[in-house]
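**Q** Need the 3D shape of this:
(one chain, ligands or ions: 2)
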Amino acid sequence: MKIAIIGTGNLGSSIAKGLISNKSFTSLYLSDKNTAAVKVFNEEDYVTVTSDNVLAVEKSDIVIFALQPRHIDKVLELVKPKLTDNHVVMSVAAGVEISRIERILGSDTNIIRVMPNTAISIGKSMTCIAANSKAQDKVEMAETIFNQLGTTLIIPEELIQAATVICASGIAFWMRLVRATTQGAIQLGFEAEQAHELATQTCYGAASLLIESGRHPEQEIDRVTTPSGCTIEGLNAMEHQGLSSALIQGIVASFEKINQLKTT
Ligand SMILES: NC(=O)C1=CN([C@@H]2O[C@H](COP(=O)(O)OP(=O)(O)OC[C@H]3O[C@@H](n4cnc5c(N)ncnc54)[C@H](O)[C@@H]3O)[C@@H](O)[C@H]2O)C=CC1
Ligand SMILES: O=C(O)[C@@H]1CCC=N1
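**A** Residues are numbered from 1 along each chain as shown. Ligands and ions are numbered 1, 2, ... in the order given. Model prediction:
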């Protein structure tokens with residue numbers, strides 16, 4: 001597969017790292033107006049770092065646009081003359097609907113909206129995928145690429161905004177929970193480094209328990225909460241402060257914001 005990534009900032013470079021560590025391409029063009037962050041990848045086999053977006057498109061079959069929503073339209077306009085029927089255009093731009101891309105490139109272009117998260121750099125992304133009518137037969141290929149970089153779910157486009165909040169912004173939400181746990185551990189007497197390890201490993205264990213057992217979180221909570229014990233005391237104190245409610249409200253606020261971005 002000949003892949004190009006246009007825009008190699010936080011997300012584009014994370015996708016590049018994931019692809020490079022899996023060697024899941026025949027050639028990879030990384031194009032950005034500022035290549036400093038990805039220059040190091042030039043040393044990898046079959047990887048070219050460039051500032052020439054048009055060249056990257058000409059040399060590739062799959063073009064992943066990892067640009068901010070305010071920049072994507074003009075880059076699509078720029079590369080449009082070089083796009084052929086064989087190209088598959090993938091966009092990770094949050095809030096940018098397929099119809100907006102179709103208005104620029106035409107509905108006879110293969111367009112796939114992909115919503116990964118930054119854990120793609122270590123092959124652990126939760127990636128949601130939705131395609132336009134033209135690209136329905138390319139979905140499997142997108143799934144194959146992103147399954148090497150984590151887990152994928154094919155969803156209708158109407159759910160991509162929600163998936164962005166839960167999976168992409170979700171990385172930040174979980175980080176904040178881990179950080180708060182670390183601060184709690186420091187207050188209880190651990191050194192910062194130890195506190196960080198305790199928090200991250202416990203978080204990893206909790207997620208792994210759910211993934212590997214398939215059990216519901218409340219079943220796992222029941223196994224930890226000794227009657228009259230310290231866990232239920234802590235959980236109830238957190239809920240009195242609105243822990244679940246704060247999380248749900250944050251998710252809804254994030255969703256409202258992304259729906260505003262869609263219209264701008
Ligand atoms: N950061 C994240 O966790 C996630 C981001 N997204 C979406 O991915 C997109 C990119 O986000 P980030 O990587 O965080 O942004 P970023 O700002 O870090 O990266 C964008 C890159 O595009 C480059 N760029 C701008 N104009 C260009 C042009 N004309 N030609 C070539 N390169 C150009 C910039 O130099 C920059 O390196 C956004 O649309 C965002 O909504 C989606 C999921 C997760
Ligand atoms: O915060 C944002 O708007 C982008 C989309 C999801 C993650 N980063």
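
**Q** any idea how far F65 is from E256?
**A** 25 Å (Cβ to Cβ, to the nearest Å). (Glycine included, C-beta is placed from N, CA and C.)

**Q** nope, I5 is what I was after
**A** Counting by Cβ to Cβ - I5 and F65 are separated by 8 Å.

**Q** if we can go back for a sec, between E256 and F65, who's got more neighbours?
**A** F65 (24 against 11; other Cβ atoms under 10 Å).

**Q** For that one, give me the pLDDT.
**A** At F65, the model reports a pLDDT of 98.

**Q** Next: A37.
**A** A37 is given a pLDDT of 86.

**Q** Okay, and the closest residue to it other than its chain neighbours sits in which element?
**A** Closest residue in space to A37, ignoring its immediate chain neighbours: S13 at 5.6 Å, by Cβ to Cβ, 6 or more residues apart in numbering. For S13, the host element (DSSP states H and E) is helix 10-22.

**Q** Can you show me the CA trace of that helix as PDB?
**A** In PDB, the C-alpha atoms belonging to helix 10-22 read as follows (Å, rounded to 0.1, in the frame of the first residue of the first chain):
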ATOM      1  CA  ASN A  10       0.100  15.400  16.900                       C
ATOM      2  CA  LEU A  11      -2.100  12.900  15.200                       C
ATOM      3  CA  GLY A  12      -0.500  12.600  11.800                       C
ATOM      4  CA  SER A  13       2.900  11.900  13.400                       C
ATOM      5  CA  SER A  14       1.300   9.400  15.700                       C
ATOM      6  CA  ILE A  15      -0.300   7.600  12.700                       C
ATOM      7  CA  ALA A  16       3.100   7.700  11.000                       C
ATOM      8  CA  LYS A  17       4.900   6.100  14.100                       C
ATOM      9  CA  GLY A  18       2.300   3.400  14.200                       C
ATOM     10  CA  LEU A  19       2.600   2.600  10.500                       C
ATOM     11  CA  ILE A  20       6.400   2.600  10.600                       C
ATOM     12  CA  SER A  21       6.600   0.300  13.500                       C
ATOM     13  CA  ASN A  22       4.200  -2.100  11.800                       C
END
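
**Q** Centre of the chain to it, how far?
**A** In terms of Cα atoms, centre = their mean, to the nearest Å, the centre of helix 10-22 is found 11 Å from the chain centre.

**Q** Now tell me what touches the helix or strand following it from outside.
**A** Using DSSP H and E, the helix or strand that follows helix 10-22 in sequence is strand 27-31. Contacts of strand 27-31 with the rest of the structure, by Cβ atoms under 8 Å, 6 or more residues apart in numbering, involve 2-8, 12-13, 16, 19-20, 38, 41, 44, 46-53, 55-56, 59-60.
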